[in-house]
Each structure stands twice: as C-alpha cells, then as structure tokens.
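# How does the following fold in three dimensions:
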Amino acid sequence: MVTVLQGASIKPKEKRLVQLGAGLPRIGVGLLLSINVNVSKSRVGRKTVSALFAYFCIVYKRDGHSNQLMKTNTLKFLAVYAAWVMLFALQKPCFMLWHHALMPTAGVGDVWQVMLHGLSLDLSVAGYFSVVPGLLILTETWCRGRVTRWIGRGYDALAALLFAVTFCLNLVLYGYWGFPLDVTPLFYFFSSPADAVASVSVWTVIVGCAIALLLATGVFLLMQKVEHGFDGLSPNGGRRIGRSVLQLVLTGALLLPIRGGVGVSVMNVGEAYFSKDMRLNHAAVNPVFSLMESLSKQEDFASQYRFMDEGEAERVCRPLLYTRSDSTERLLTVQRPDIYIVILESFSRELMKTRAVPNMNRWDKEGVFFEHFYANSFRTDRGIVSILSGYPAQPTTSLMKYTRKVNHLPSIAGTLNRQGYGLKYYYGGDADFTNMRAYLTGMGFTDIVSDKDFPLKSRLSKWGVPDHLVFERLQNDLKGETGGPLLRVIQTSSSHEPFDVPFRRLGNKVLNAFAYTDDCVGRFVAFLKRTGRWKRSLVVLVPDHQGCYPEHLSEFSLAHYQIPMIWLGGAVKSPFTVENYGSQHDLAATLLGQMGIGHENFRFSKDMLDRKAPHFAFFTFPDLWGLATQEQRMIYDNVSKKVMLDEGNGRHDLERQGKAYLQELYNDIAQR
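Here you go, the predicted structure:
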C-alpha cells in the first residue's frame with residue numbers, strides 16, 4: 001500500500017503526518033494515507049483522516065500496558081482491513097490473465113493502472129468487510145471468550161465464501177456476458193438453478209465450485225492467521241474506556257472509504273473507469289461492489305436515470321412516443337391472419353452473412369424484411385417482454401421478475417384474445433425460469449407447453465427439449481385445429497450455449513447449432529405450406545435478444561445489437577424491404593397496425609410502417625443505452641457518462657432524446 005502512495009501526489013501536511021508516523025508499522029501509515037489520498041475528496045474528509053492518523057501516532061508512541069493493548073487492537077484492526085484490500089487488489093491481475101484473449105494488447109502498465117484505479121472500490125468493499133471485525137475488537141475490550149472467537153470465525157468463513165464466489169462468478173460469467181457481476185445470475189439461479197447453469201458443462205460447474213471452495217478456505221485461513229497474530233496480550237487492563245472510544249472511532253471511520261468521502265457524491269462503479277478500453281475498466285471493478293450496487297438499484301425506479309427535470313424530459317420525449325397507425329402501408333392480404341411468432345434464440349444479423357441459415361437468407365427476399373432492426377436487450381427474459389408487450393428493456397433490471405408490474409403491461413396476446421384469437425405458447429425449456437410462466441399467464445396465455453409436457457426421453461439437451469421436437473408438437477396440435485384465428489408463439493432454445501444439437505452439417509459448433517434451428521423452422525414453414533391454413537398464415541421470425549455470433553463483439557459496436565426480423569406466409573401480399581429503423585418493442589404496434597387494431601395502450605411501441613411515426617431504434621445493455629436513426633447512431637455509457645459511439649451529425653439532440661426517453665421509461669415503470 002505504501003508503494004501505491006509513491007505514485008500519488010502527497011501534500012505538505014500529509015508529509016508532516018508521515019514524519020509524525022516515523023517508527024510506526026508501515027501498514028498503519030500506508031492504509032490511512034491511501035484512504036486520505038484515494039478516497040476523501042472533500043476538505044472535511046481529509047481533515048478527519050488526518051486527525052485520526054495524528055491521534056493514532058500519539059497513542060502508539062506512548063508506553064504502558066494499557067497503551068500496548070491499544071496499539072495491538074489498532075494494529076489488528078488495520079491488518080484485517082489491509083488484508084482485504086490486498087486480496088481484492090490481487091483479483092485484478094488474475095482477472096486480466098484469465099481473460100487475456102479479450103485484452104490482447106494489455107501490458108504490465110495496464111495491470112498497474114487497473115489496480116490503481118480500482119483501489120477506491122477495493123477500499124470501499126474492504127471497509128464493509130472490516131466493520132464486524134472492528135466491532136468484535138471493541139467487544140473484546142470488555143469481554144473475551146469462546147463466543148466472540150466463534151462469532152469471528154463464523155464471520156470470516158462467510159466473508160471468505162462471499163469473496164470467493166463473487167470472484168469466480170465474475171471470472172466465468174464475464175466471458176459470456178461482457179459486463180461485471182450484477183444481480184442477473186442470482187435472479188436466474190433462484191428461478192431455475194438447472195437452466196441457470198445450462199450454458200456450461202457439468203465439469204465446469206464442479207471445477208468452479210471446487211476452486212471457489214478452495215479459495216474460500218485459503219482466504220479464511222489467511223484472515224484467521226492475521227487476526228490471531230495479535231492475540232498475545234490479555235484484554236485485562238486499565239483505560240478500557242479510552243481503548244473503546246478509539247476503536248469505535250476507527251470502526252466508524254470506515255464510513256469514509258465505504259462512502260468515498262463526506263461529499264455529496266457517493267462511491268459508485270464509475271470511480272474505477274479510466275480507459276477508453278472498456279475491458280480494462282471492467283477489470284478494475286470490484287465484483288462485490290458491482291453486485292451490491294446492482295442489488296440497490298432493483299426497486300427504486302423513480303430515482304434512477306435522472307438526466308433532467310421531469311417537465312423537460314416529458315417535453316423532449318413526447319415526439320418519440322407515437323401510438324397511432326394513421327398512415328401505415330398495408331402489407332397483408334387478410335386482416336385477421338393466423339399468426340405464428342417464432343422467437344429465435346440468439347440469432348444475429350451478422351449470422352445471415354454465413355452459410356448457416358439458408359432458409360433465413362431465402363425468406364428475406366420472399367417476405368417482408370426489416371433492414372434496420374435492433375434487439376432491445378441481451379437476455380431472453382428482457383427480450384420477450386419487449387416482443388410480446390411492446391415495452392423497451394432496461395439497462396439495470398429485468399421487468400419480468402416484478403409480477404405486479406408486468407401484469408399492468410399491455411400484450412399482443414391479450415389484445416388478440418379480445419379479437420377472438422386462440423392463444424398457445426410453446427417452449428422446450430423450463431417455463432418457470434426467470435418467472436416466465438407468471439408473465440405469460442398474466443399476458444393471456446393459459447395454455448403453455450413446456451419441458452414438463454414432453455416425456456423424459458425427449459429432454460435431450462441442457463435446455464430441455466430440442467427445437468425439432470417442439471415444432472413437431474406444434475405441427476401435431478395444428479392438425480387438430482379447425483377454428484381460428486390463431487396466435488401461436490414458439491420460443492426456440494437449441495442455438496444457445498453449449499450449442500449441443502442432434503444435427504451435423506457444419507464443422508463450427510456454434511454455426512451448426514444455428515443451422516439446426518434454421519432447418520427446424522424451414523421444416524415447419526414447409527409443413528404450413530402443405531396445409532389449408534397457409535393462405536391466411538403470417539409467420540413472424542424475430543430473435544429473442546442480441547445475437548451471440550460472431551463471438552466477443554464489443555458492446556459499443558452496432559453489430560452487437562442488429563438482428564433480423566422477417567414476416568412471411570400466405571398472408572403476405574408481396575416481398576418488401578422495410579428501411580425504417582425500429583426495435584423489438586415496435587413489433588406490437590407494427591403488427592396490430594397491419595390488422596387495423598388500435599394500440600394506444602402500447603405507449604412505447606410505434607408502427608414502423610406508418611409514415612408519420614418517428615423512426616428510431618432503442619436498445620440497452622447493462623448500464624448503457626443506444627439510439628439509432630437513419631441520420632445518426634449513438635451508444636451512451638451511463639457509468640462513465642460518456643458517448644462511446646457517435647456516427648452521423650447532431651450528437652447533442654440524439655443524446656438528449658435518449659436520456660429523456662430512458663428517464664420517461666423508468667418513470668413509467670415506477671407508476672405501474
């Protein structure tokens with residue numbers, strides 16, 4: 001820690017403090033000054049730390065048994081805090097080494113910068129972790145025995161386990177998701193543990209758990225050694241009140257690194273951001289801190305993303321919200337077609353440049369192809385709400401888990417059900433994953449086919465039933481259908497990690513999985529063409545979220561968010577390419593507009609085929625958002641508060657519109 005201070009600017013007063021601390025253990029000097037230099041930004045904060053340090057120096061240099069006890073307690077407390085800071089700091093080079101393929105140009109200097117800029121978050125989390133040890137030291141000033149020792153051991157075990165689990169989760173999940181650990185994996189795990197780990201092999205889970213357990217054990221033993229190294233003196237002695245006051249003040253002083261000072265602003269993930277390379281910024285983030293910050297943002301929607309006053313936000317956002325279809329271009333031959341919405345797992349626009357999806361590449365010329373279409377988010381639970389409820393995804397949460405709120409959302413299913421449509425949902429996986437069954441039921445789907453409706457021998461993949469068996473089930477059900485009209489939603493799952501499919505056409509495992517799903521959809525369309533329902537059928541092909549091919553696309557690349565949407569079927573009048581920009585949440589208004597059904601209650605969804613509607617795409621990723629129009633494309637990072645991508649002209653207007661749009665979105669969520 002003293003080494004860290006050598007590169008920092010230390011003021012004359014701080015140098016005098018160092019001189020005052022001559023002869024003291026370096027751990028005390030280093031820690032207190034690092035807090036002063038790195039965390040306390042305000043004058044009051046600096047004076048507070050300086051006063052504490054000066055008092056500590058005076059106490060330390062005094063002799064006597066009581067003061068020796070005071071020294072021991074203080075050093076023990078500082079040693080515990082320093083140990084946690086060191087452990088968190090060492091996570092960063094390990095993270096960079098593990099993900100070296102994502103940071104191929106990073107060198108020793110970058111590792112140093114990552115550790116230095118992540119220090120403020122490490123100091124903060126170490127402060128949280130040191131509160132209980134500080135209170136235990138205070139308690140032991142008056143009474144010491146088995147109870148306090150067992151409490152200390154139990155706490156160290158829990159803290160070590162939290163340290164190890166968050167580190168390992170962040171290490172593994174970052175390769176899949178590309179952002180620091182947040183509450184998302186907890187939501188997925190508690191809704192369906194099997195599906196939460198379906199993307200990784202059993203051995204990966206076993207080895208990961210074993211490593212986390214070993215790491216937790218090592219950290220626990222280290223902390224025990226640190227604490228027991230100061231147990232030589234008996235707690236009996238005079239001046240207990242003085243020792244208690246000092247320990248209470250020192251423990252209370254942890255508020256400074258925890259909060260980040262005494263100023264108006266508080267510690268946040270953005271404190272660690274320093275580079276244009278977002279991978280380095282993510283490496284600097286403390287995973288425990290990012291998880292805690294994510295948990296704190298889950299409920300208080302009305303206070304999140306406040307960019308401007310409410311009147312201005314409403315005024316700027318108003319032109320972007322258009323809920324009419326007065327001038328829409330009619331592309332269907334029938335007003336009440338049978339509708340099959342096929343939600344394609346992880347399909348991307350880039351995928352259509354490969355040989356993996358020959359059917360999709362043919363249908364974009366035979367049907368209605370939406371040229372500039374964007375995914376709203378990066379996960380299925382968020383994308384489904386966008387598709388079926390016409391509601392934009394959010395950067396920091398999944399609305400699907402808030403049953404009370406999503407039950408107040410409109411839906412394509414509910415709207416069509418009131419028009420006499422029969423509803424049914426098909427998914428080969430666990431419909432309870434991410435609270436999906438509750439959402440679908442609230443939207444009007446009372447008949448949901450999931451993995452439980454198939455025999456055990458059909459549940460061949462980690463995600464449940466392979467796509468071809470789900471489509472076969474749909475086809476068999478359709479053979480018995482005589483009425484109409486119908487709405488059938490089919491959610492595929494096979495083109496997802498680990499990409500294990502009963503199909504071999506391409507050598508690349510990832511592309512082969514997409515080829516399999518493309519083939520399944522092709523066989524289903526061929527089946528429909530052989531039935532009498534084809535002429536009144538509309539098949540809507542839309543991915544569930546941002547694509548996963550090619551791998552490791554930057555979140556600041558537009559290609560990361562571009563997805564295909566294709567309408568085909570006998571109900572389509574003729575081939576057509578839609579040049580207007582839009583996102584998944586615009587499907588609802590666009591589809592209902594073609595059917596002559598009002599969509600005023602879909603506040604954020606707009607008809608992409610209406611000439612008077614504003615044409616833009618809105619998309620999100622954890623703590624960033626983007627807007628794309630014909631004239632301009634922009635991606636804005638909420639953590640660094642910077643525009644990360646800007647193509648075209650008029651940046652100020654688009655940035656202002658995007659901020660107002662996001663603010664209004666969170667206002668709307670808060671009111672539901």
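# all strands for this structure, in order.
In the chain, the strands defined using DSSP state E lie at 338-344, 368-374, 422-427, 448-449, 486-491, 537-543, 565-568, 576-583, 617-621, 624-628, 632-637, 642-648.
# in the longest one, what's buried?
Going back to what we said before, that points to strand 576-583. For strand 576-583, a neighbour-count test (16 or more other Cβ atoms under 10 Å) marks 578, 580-583 as buried. C-betas here are computed from N, CA, C, even on glycine.
# Let me see the ranges of the helices in the stretch 251-400 of the chain.
Using DSSP state H, counting those that start in this stretch, the helices of the stretch 251-400 of the chain run over 255-259, 278-284, 287-296, 310-317, 358-366, 380-389.
# Of these, flag the one that's most buried.
Mean neighbour count (mean count of other Cβ atoms under 10 Å) peaks for helix 380-389 among these, with a mean of 26.
# what's next to that helix, contact-wise?
Residues from elsewhere that reach helix 380-389 (Cβ atoms under 8 Å, 6 or more residues apart in numbering): 341, 343, 345, 375-377, 391-394, 398-401, 406, 409-413, 433-436, 439, 443, 489, 491, 542-545, 583-585, 587-588, 602.
# Show me which of those residues are buried.
Buried among these by 16+ other Cβ under 10 Å: 341, 343, 345, 375-377, 391-394, 398-401, 406, 409-413, 433-436, 439, 443, 489, 491, 542-545, 583-585, 587-588, 602.
# about what we covered before: I'd like to know which of the strands of the chain lies nearest to A515.
Smallest distance to A515 across the strands of the chain (Cβ to Cβ): 12.6 Å, for strand 338-344.
# That closest one packs against which elements?
helix 380-389, strand 486-491, helix 509-529, strand 537-543 (3 or more Cβ pairs under 8 Å, 6 or more residues apart in numbering; DSSP states H and E).
# Include distance to Y549 when you put these into JSON lines, please.
Below are the helices and strands packed on strand 338-344 laid out as JSON lines (distance: least, Cβ to Cβ, whole Å):
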{"stretch": "helix 380-389", "distance to Y549": "16"}
{"stretch": "strand 486-491", "distance to Y549": "19"}
{"stretch": "helix 509-529", "distance to Y549": "6"}
{"stretch": "strand 537-543", "distance to Y549": "11"}
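# How confident was the prediction at S346?
With respect to pLDDT, S346 scores 94.
# what sits against it?
Listed by Cβ under 8 Å, 6+ apart, the contact set of S346 reads 495-496, 514, 543-545, 547-549.
# try 7 Å
S346 sits next to 495-496, 543, 547-548 when contact means Cβ atoms under 7 Å, 6 or more residues apart in numbering.
# Where does the prediction get shaky in the stretch 51-200 of the chain?
Applying pLDDT under 70 to the stretch 51-200 of the chain picks out residues 51-71, 144, 187-200.
# Helices of that one, start to end?
Assigned by DSSP H, counting those that start in this stretch, the stretch 51-200 of the chain shows helices spanning 65-98, 108-117, 119-140, 146-177, 184-191, 193-196.
# Pick the most buried one from these.
helix 119-140 (a mean of 23).
# now what about that one, what contacts it?
4, 34-35, 38-39, 73, 76-77, 80-81, 84-85, 88-89, 148, 151-152, 155, 159, 235, 244, 247-248, 250-251, 254, 257-258, 260, 267, 271-272, 285-286, 288-289.
# a markdown table for the helices and strands packed on strand 338-344, including distance to T354 and mean pLDDT?
Listed next are the helices and strands packed on strand 338-344 as a markdown table, based on distance: least, Cβ to Cβ, whole Å; pLDDT from 0 to 100:
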| stretch | distance to T354 | mean pLDDT |
| --- | --- | --- |
| helix 380-389 | 22 | 96 |
| strand 486-491 | 23 | 98 |
| helix 509-529 | 6 | 97 |
| strand 537-543 | 15 | 98 |
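# Let me know which of these is the nearest to G598.
Closest of the helices and strands packed on strand 338-344 to G598 is helix 380-389, at 15.9 Å (criterion: Cβ to Cβ).
# just for the stretch 251-400 of the chain, where's the confidence low?
Within the stretch 251-400 of the chain, the ranges that satisfy pLDDT under 70 run 262-265, 297-299.
# How is the chain partitioned into domains?
For the chain, automatic domain parsing gives the domain ranges 2-294, 310-397+427-439+459-671.
# Present the strands of the chain as a markdown table; the columns should include distance to P319.
Output for the strands of the chain, formatted as a markdown table (distance: least, Cβ to Cβ, whole Å):
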| stretch | distance to P319 |
| --- | --- |
| strand 338-344 | 29 |
| strand 368-374 | 19 |
| strand 422-427 | 34 |
| strand 448-449 | 38 |
| strand 486-491 | 32 |
| strand 537-543 | 26 |
| strand 565-568 | 24 |
| strand 576-583 | 15 |
| strand 617-621 | 14 |
| strand 624-628 | 13 |
| strand 632-637 | 15 |
| strand 642-648 | 18 |
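# closest to W177 out of those strands?
W177 lies closest to strand 617-621 among the strands of the chain, at 9.4 Å (Cβ to Cβ).
# What pairs with the closest one, parallel or antiparallel?
Take DSSP bridges as the rule and strand 617-621 pairs in its sheet with strand 624-628 (antiparallel).
# CA atoms only: put the strand it pairs with into CSV for me.
In CSV, the C-alpha atoms belonging to strand 624-628 read as follows (Å, rounded to 0.1, in the frame of the first residue of the first chain):
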residue,chain,number,x,y,z
LEU,A,624,-25.7,1.7,-21.3
TRP,A,625,-28.2,2.6,-24.0
GLY,A,626,-28.2,3.3,-27.7
LEU,A,627,-30.3,5.1,-30.3
ALA,A,628,-30.1,4.6,-34.0
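# so how far is stretch 452-464 from its chain's centroid?
Relative to the centre of its chain, stretch 452-464 is centred 29 Å away, using Cα atoms, centre = their mean, to the nearest Å.
# go on, stretch 665-672?
Per Cα atoms, centre = their mean, the centroid offset for stretch 665-672 relative to its chain is 19 Å.
# mean confidence score for that stretch?
Rounded mean pLDDT across stretch 665-672 is 92.
# Give me the distance between the two termini of stretch 322-342.
This stretch, stretch 322-342, spans 26 Å end to end (Cα to Cα, to the nearest Å).
# can you pull the buried residues of it?
By neighbour count on 16+ other Cβ under 10 Å, the buried set for stretch 322-342 is 322-325, 328, 331-332, 334, 336-342.
# likewise stretch 411-424?
Neighbour-count burial for stretch 411-424, with 16+ other Cβ under 10 Å as criterion, is recorded at 411-417, 421, 423-424.
# what two of those residues have the greatest distance between them?
Largest separation among these by Cβ to Cβ: T415 and K424, giving 15.9 Å.
# gap between the residue nearest to L587 when sequence neighbours are not counted and N508?
Once flanking residues are discounted, L587 sits nearest to I387: 5.7 Å by Cβ to Cβ, 6 or more residues apart in numbering. Note on I387: its distance to N508, by Cβ to Cβ, to the nearest Å, is 28 Å.
# and the nearest residue to F230 once chain neighbours are set aside, what does it touch?
The spatial neighbour of F230 that comes closest, neighbours along the chain excluded (Cβ to Cβ, 6+ apart), is K76 at 3.8 Å. Contacts of K76 were listed using Cβ under 7 Å, 6+ apart, and they are 137, 227, 230.
# Now do the last one against F499, distance only.
With distances taken as Cβ to Cβ, F230 is found 53 Å from F499.
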